[in-house]
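Q: Fold the stuff below for me.
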Amino acid sequence: MSATLRNLSLSPNIFSSFTLLLSISSLFLHSCYSSIDEQGQALLAWRDSLNTSTEINLKAVALRGPLPSNFQPLKSLKSLILSSTNLTGAIPKAFGDYLELTLIDLSDNSLSGEIPEEICRLRELQNLSLHTNFLEGAIPSGIGNLSSLVYLTLFDNQLSGEIPRSIGSLSRLQIFRAGGNKNLKGELPQEIGSCANLVVLGLAETSISGSLPSSIGKLKRIQTIAIYTALLSGAIPEEIGDCSELQNLYLYQNSISGPIPRRIGELSKLQSLLLWQNSIVGAIPDELGSCTELTVIDLSDNLLTGSIPRSFGKLLKLEELQLSVNQLTGTIPAEITNCTALSHLEVDNNGISGEIPTGIGSLKSLTLFFAWQNNLTGIIPESLSECENLQALDLSYNSLFGSIPKQIFGLQNLTKLLILSNDLSGFIPPDIGNCTNLYRLRLNGNRLGGTIPSEIGNLKILNFIDLSNNLLVGGIPLSISGCQNLEFLDIHSNGITGSVPDSLPRSLQYVDVSDNRLTGSLAHRIGSLTELTKLNLAKNQLSGEIPAEILSCTLEISLNLSCNQFSGKIPSHFSDLNKLGVLDISHNKLEGSLDVLANLQNLVFLNVSFNDFSGELPNTPFFRKLPLSDLASNQGLYIAGGVGTPGVHLGPGGHTRSAMKLLMSVLLSASAVLVLLAIYMLVRARIGSHGLMEDDTWEMTLYQKLEFSVDDIVKNLTSANVIGTGSSGVVYRVILPNGEMIAVKKMWSSEESGAFNSEIQTLGSIRHKNIVRLLGWCSNKNLKLLFYDYLPHGSLSSLLHGAGKGGAEWEARYDVLLDPTLPGGAHLVQWVREHLASKKDPVDILDSKLRGRADPTMHEMLQTLAVSFLCVSTRVDDRPMMKDVVAMLKEIRHVETVRGEPDLSKGVSLTVVRSSPPPARIVDSQGSSNCSFAFSEDSINY
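A: Next up is the predicted model:
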């Protein structure tokens with residue numbers, strides 16, 4: 001038998017299925033002639049030898065083409081399975097004529113159009129699977145006529161409208177999954193309570209709004225309720241306690257308010273309770289401790305108050321307890337140590353006080369313990385060292401005191417140890433060298449003394465060290481060269497003595513040893529740090545010349561050598577540091593000309609004050625704008641040529657009067673320019689406003705209920721209301737007549753239709769707490785305006801570049817790149833890059849709360865991650881333009897992927913799926929930038 005025929009033998013009834021299909025040669029062979037070839041020949045060869053049947057099962061057969069409607073000879077058809085067959089087009093209305101159908105599975109295709117109302121005639125239908133297509137329109141209002149329906153899966157389509165109230169007539173319905181339809185809106189109808197046999201209710205990632213109906217309590221057999229990432233509001237009804245079979249309650253990422261109902265403690269079979277990122281208030285009910293089958297509780301990012309219930313100690317099967325970002329007080333109850341299956345304990349960002357329970361060592365399965373940003377006191381219990389599986393420990397931003405137990409450094413699985421900003425004292429024990437898997441170490445902001453132990457050189461994979469703001473003494477150990485993967489070294493503000501070691505790890509990117517007592521010269525081998533982007537040696541006693549080898553360092557961010565005793569001239573090839581942003585060499589004994597700095601075109605800050613520089617100041621725009629304070633106390637340095645008055649010197653003593661004259665001249669000139677500019681802007685604004693209103697034909701669309709007219713907007717588009725500018729337009733703050741404040745972006749040109757339409761399409765379809773909300777837009781032939789929520793604290797751009805003087809410090813910019821889930825953060829980009837380079841599962845990069853979704857969703861998330869890594873490529877030439885980024889993101893949803901069985905996404909299955917297998921390779925051959933979305937070896941080393 002040929003391979004094709006073997007492929008088609010998919011079920012015991014497939015032989016009769018082919019007879020049904022092939023008895024109408026025009027059915028598929030005509031409409032899909034170009035794509036069926038070999039399969040068609042095989043089917044034709046079998047046509048005369050097959051008998052009539054009641055089933056067609058062609059799952060995963062590559063048929064392609066539209067779905068045929070002519071099944072007239074198949075009136076007895078009971079089962080039609082055409083899933084994963086690449087079918088396109090609409091579902092034929094004629095399907096409603098085959099009244100004996102009990103199963104229709106058209107899932108995982110590219111079907112479009114609406115679900116025909118005629119399907120609702122099929123009173124024998126038990127299974128209707130239309131998920132993972134491109135179906136549009138509403139769920140048919142007559143869906144309630146399908147009185148035999150047991151399985152209804154409509155997830156991952158483009159359905160809209162409300163859930164029909166007639167759904168309450170489906171008394172036999174067990175599975176209803178319609179998640180992933182972002183335009184499915186309205187409230188969950190009260191009639192859902194009449195679906196007495198319902199086991200799974202899945203409406204995740206929709207626009208379902210309003211409160212959960214009290215009738216939900218009538219669902220006595222319900223096992224999973226998944227309505228997460230939606231628009232639910234109001235309180236969880238007390239009647240939820242009547243759902244005695246409930247195992248999984250997923251209501252996270254909504255706007256649910258009110259308290260957690262106490263009757264939830266009656267759910268004796270509850271296993272997963274995920275309510276994170278809502279607005280739930282009140283105390284965590286003690287009754288929750290009666291749900292002894294619970295394995296996961298996530299109540300983080302709410303407004304919960306009170307203390308952690310001691311009754312949690314009865315949850316012996318509990319594996320994850322996440323209470324982060326609330327307003328909890330009280331202590332960590334000692335009873336929590338009874339939960340010996342616990343692997344994740346997250347209570348950070350609360351107001352918890354008291355001591356860490358001494359019995360915490362009994363949690364042998366614990367892998368992650370986050371308690372940072374609380375009011376914890378006392379010592380770090382030695383028993384933590386008994387948590388032999390512990391991988392991440394963060395106790396930062398508390399009031400812990402005493403020494404760090406040396407036994408903790410015996411934890412072989414520990415990768416992250418963060419105890420910054422406490423009141424710890426004592427020494428860093430030599431035992432730190434035993435913690436060989438340590439990747440990130442932050443002990444800064446304490447009162448640790450003694451020396452940095454030489455054993456730290458044993459930590460071969462250590463990537464990040466921050467020991468700053470302590471009382472450390474002694475030298476930087478030479479053994480630190482053994483930290484072969486070290487990228488971040490910060491030991492500033494200690495009492496470190498000696499010299500800068502000759503052999504620092506070549507992998508270093510950030511070094512800050514400022515505000516110590518280092519002496520001697522800077523070794524020539526500093527040039528071996530070719531990856532170094534920031535070097536801060538300020539406030540030491542270093543001397544000698546600046547080595548020319550320093551030019552071999554990348555130094556894209558900052559070089560600070562201020563407040564030392566460096567002498568001699570600036571190296572002649574210093575201009576090679578053409579990416580340097582900040583340079584501070586003030587308060588030294590340097591001499592010579594500043595001409596070598598004239599070509600540093602990326603500088604945003606320069607301070608050369610209090611040296612012995614001489615000669616004419618470089619005549620460049622940057623030097624013209626430098627404050628005199630950044631040039632002061634250089635005896636022989638003067639401004640000449642087109643920069644200022646000839647002969648004005650910048651040294652002390654007799655040159656002060658000349659400097660004052662220059663300053664007065666500059667101020668008078670600047671004032672005159674500002675007055676002229678103000679007059680010009682005023683006239684231009686008047687002319688512009690008149691021109692804007694000449695054409696009264698406006699087109700306006702609002703996505704929110706707002707009360708204003710176009711006149712209310714246009715009259716406020718003045719220079720006084722400007723709050724920012726960008727590549728596509730200028731942004732104004734506008735106060736509406738009702739007192740509400742919004743932001744309005746005016747496009748630079750009325751011809752900017754591409755950027756204008758792109759912004760509408762992108763932001764108009766996004767709901768995320770960290771992305772500004774598009775409220776609407778309007779335009780005429782002269783003007784295009786976009787309306788947004790007003791952000792009183794500014795945007796990411798304003799943080800990085802500032803709305804006023806100089807923008808953020810480079811430390812603040814660097815922090816933007818750090819992982820916000822940890823205090824002080826983690827170098828996220830580098831971590832992901834190394835994770836992929838080591839050929840680990842890409843799925844592990846995603847937030848654990850996002851895992852377990854359907855394969856299509858996982859593919860989309862991983863491809864989006866791949867696109868983001870193109871944008872942060874280390875080579876500028878490899879970074880795509882924004883239009884290419886937009887094109888790639890638009891095309892992600894059209895990538896054909898190999899789909900697995902349905903899982904938690906868009907409505908969840910009956911079991912909790914922890915992870916999803918990664919795709920072998922994800923490639924979009926249609927991308928406009930010809931970039932692969934795959935995580936191949938080529939694409940992770942940008």
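Q: who touches the nearest residue to Pro405 once chain neighbours are set aside in this structure?
A: Leaving aside its chain neighbours, Pro405 sits nearest to Glu382 (4.4 Å; criterion: CB to CB, 6 or more residues apart in numbering). All C-beta atoms are positioned from the backbone trio N, CA, C, and that covers glycine. Residues in contact with Glu382 (CB atoms under 8 Å, 6 or more residues apart in numbering) are Gly361, Pro405, Gln407.
Q: Buried subset of the residues you listed, written for PyMOL?
A: With 16 or more other CB atoms under 10 Å as the criterion, this PyMOL line picks the buried residues out of the contacts of Glu382:
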select buried, resi 361+405+407
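Q: Just the buried positions in stretch 509-521, please.
A: For stretch 509-521, burial by neighbour count (16+ other CB under 10 Å) applies to Gln509, Tyr510, Val511, Asp512, Val513, Ser514, Asp515, Asn516, Leu518, Ser521.
Q: Next: stretch 225-237.
A: Ile225, Ala226, Ile227, Tyr228, Thr229, Ala230, Leu231, Leu232, Ser233, Ala235, Ile236, Pro237.
Q: which one among these gets closest to Ile163?
A: Among the buried residues of stretch 225-237, Ile227 lies closest to Ile163 (CB to CB), at 11.3 Å.
Q: Just the pLDDT at that closest one, thanks.
A: pLDDT, Ile227: 97.
Q: OK, contacts around it?
A: Leu188, Leu201, Gly202, Leu203, Ala204, Thr206, Ile208, Leu212, Tyr250, Leu251, Asn254.
Q: From Leu201, how far out is the nearest residue to the fourth one once chain neighbours are set aside?
A: Setting aside the residues directly before and after it, Leu203 is nearest to Ile227 in space (CB to CB, 6+ apart), at 4.6 Å. When CB to CB, to the nearest Å is applied, the distance between Ile227 and Leu201 equals 7 Å.
Q: Over to Ile167?
A: Distance from Ile167 to Leu201, by CB to CB: 11 Å.
Q: and for these two, which residues touch both?
A: In contact with both Ile167 and Leu201: Phe176, Ile192, using CB under 8 Å, 6+ apart.
Q: one step back: going by distance to Gly265, which of the contacts of Ile227 wins?
A: Nearest to Gly265 among the contacts of Ile227, with distances taken as CB to CB, is Leu251, at 16.8 Å.
Q: Could you pull up the contacting residues of the closest one?
A: Contacts of Leu251 (CB under 8 Å, 6+ apart): Leu212, Ile225, Ile227, Tyr228, Leu232, Ile236, Leu274, Leu275, Asn278.
Q: doesn't Tyr250 make contact with the fourth one?
A: This means Tyr228. Yes: in this structure, Tyr228 is within contact of Tyr250 by CB atoms under 8 Å, at 4.8 Å.
Q: who touches both of those two?
A: Common neighbours of Tyr228 and Tyr250 (CB under 8 Å, 6+ apart) are Ala204, Leu274.
Q: so how far is Leu146 from Leu122?
A: 6 Å.
Q: what do you get for Ala283?
A: 44 Å.
Q: which one of these two has more residues nearby?
A: For Ala283 versus Leu146, the count of surrounding residues by other CB atoms under 10 Å is larger for Leu146: 25 against 15.
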